[in-house]
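S.K.: The following comprises the amino acid sequence and a computationally predicted model.
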Amino acid sequence: MKGAGLERTRRGGAHAKALKAKPTSSFDEVEEGSTEVASGGAEAASISTPGMDYADLAVKVGAAVAFGAFVDLQFGFEKAEAYFTGYILEQTLSVDNLFVFILLFDYFNVPEKGKDRVLSFGIYTAAVLRGVLILLGSELIEKFEPVLLVFAGILLYSAYGVLFDDGGDEDEDLNDSAIVKFCKNFIDVSEDYDGDKFFTVQNGVKVATPLLLVLAVVELSDLIFAVDSIPAVFGVTKDPFIVYTSNMFAIVGLRSLFGVVSTAMARLQYLEKSVGTVLAFVGFKMIADFGGFHITNSQSLLTVCSILGAGVVWSLVAGEAEE
């Protein structure tokens with residue numbers, strides 16, 4: 001994550017080749033697959049003013065904190081610790097999701113109104129899909145606890161991909177992504193966008209616009225990212241209520257976090273390595289818990305915050321040194 005470049009991320013089982021790409025003026029030009037990042041592309045992805053995004057994010061975080069206080073009063077401090085740890089984990093892992101969203105919006109030259117609509121639909125769908133996955137995961141753990149070791153393996157594999165990414169294949173065409181290819185098999189799209197519409201009429205026939213393709217890719221990407229973000233919270237608590245609510249409050253903040261990330265990410269070049277380290281920590285914690293060595297929620301919360309804080313400080317110090 002350096003400069004304005006949109007490098008790939010390897011979370012979600014190494015699925016998302018967040019490849020460098022140059023936005024194009026027409027959807028047909030995307031098919032040719034240009035492979036350079038436009039200067040300031042990340043900044044152009046913002047769909048509202050930075051001040052509005054920060055203010056809205058502050059409100060969403062405040063609501064999450066208030067709910068955490070409610071959990072403390074209603075269910076006790078231990079549950080509240082688990083909730084806050086899960087919330088911070090999910091909010092941090094969401095950065096990777098948004099990084100891919102920014103890339104997609106730039107690459108497919110999504111109109112401003114279209115970005116807002118895709119994000120809104122994406123958040124609603126993510127809330128439903130993650131709820132289903134959490135219920136399934138909870139049932140699996142209840143009936144077959146060793147599945148936690150499988151979850152731990154997923155986290156460690158994802159951590160390895162993030163920490164040891166050599167930056168190869170950065171110039172590959174985004175159209176070569178397995179997710180984009182899969183979606184194109186089922187969606188025939190028009191040549192151009194039609195505002196923020198998912199469908200339009202072309203030559204007298206109703207067809208999907210490129211915006212529907214972008215939405216489908218975003219939804220599939222989020223679903224695959226959930227494969228390691230949900231197990232990460234199960235590594236903190238097995239309570240489905242805490243897992244779901246921490247996920248939902250993190251998802252609610254995605255819309256405003258998008259604008260913040262698109263403008264601040266260039267300065268936080270080491271944050272992704274911190275995310276990888278957090279994934280590794282949670283993976284090893286799950287293995288330790290299964291083996292009878294319990295790491296408390298307080299210790300987990302302190303460790304996660306320390307790792308993320310170190311990544312932010314390291315990024316800012318390194319950025320000042322380069323200047």
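M.R.: Arrived safely. Numbering: from 1, shown residues only.
S.K.: rest of the way, CA atoms for contacts and neighbours
M.R.: Noted.
S.K.: now the stretch 1-150 of the chain, which segments are flagged as low pLDDT?
M.R.: 1-51 (pLDDT under 70).
S.K.: mind listing the helices in it by residue range?
M.R.: Secondary structure of the stretch 1-150 of the chain, counting by DSSP state H, counting those that start in this stretch: helices at 11-14, 27-30, 41-44, 50-75, 77-107, 112-143, 147-163.
S.K.: Include distance to residue 317 and mean neighbour count when you put the ones you listed into JSON lines, please.
M.R.: JSON lines is the format used below for the helices of the stretch 1-150 of the chain (distance: least, Cα to Cα, whole Å; neighbours: other Cα atoms under 10 Å):
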{"stretch": "helix 11-14", "distance to residue 317": "26", "mean neighbour count": "22"}
{"stretch": "helix 27-30", "distance to residue 317": "37", "mean neighbour count": "17"}
{"stretch": "helix 41-44", "distance to residue 317": "22", "mean neighbour count": "20"}
{"stretch": "helix 50-75", "distance to residue 317": "22", "mean neighbour count": "16"}
{"stretch": "helix 77-107", "distance to residue 317": "20", "mean neighbour count": "23"}
{"stretch": "helix 112-143", "distance to residue 317": "32", "mean neighbour count": "17"}
{"stretch": "helix 147-163", "distance to residue 317": "20", "mean neighbour count": "22"}
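S.K.: Summarise which helices and strands the helix or strand harbouring residue 226 is packed against.
M.R.: With elements taken from DSSP states H and E, the one containing residue 226 is helix 210-234. Helix 210-234 sits against helix 11-14, helix 77-107, helix 112-143, helix 147-163, helix 178-184, helix 240-252, helix 271-290, with contacts defined as 3 or more Cα pairs under 8 Å, 6 or more residues apart in numbering; DSSP states H and E.
S.K.: between the ones you listed, which one is nearest to residue 206?
M.R.: Among the helices and strands packed on helix 210-234, the nearest to residue 206 by Cα to Cα is helix 178-184 (16.8 Å).
S.K.: Right, I'll leave it there.
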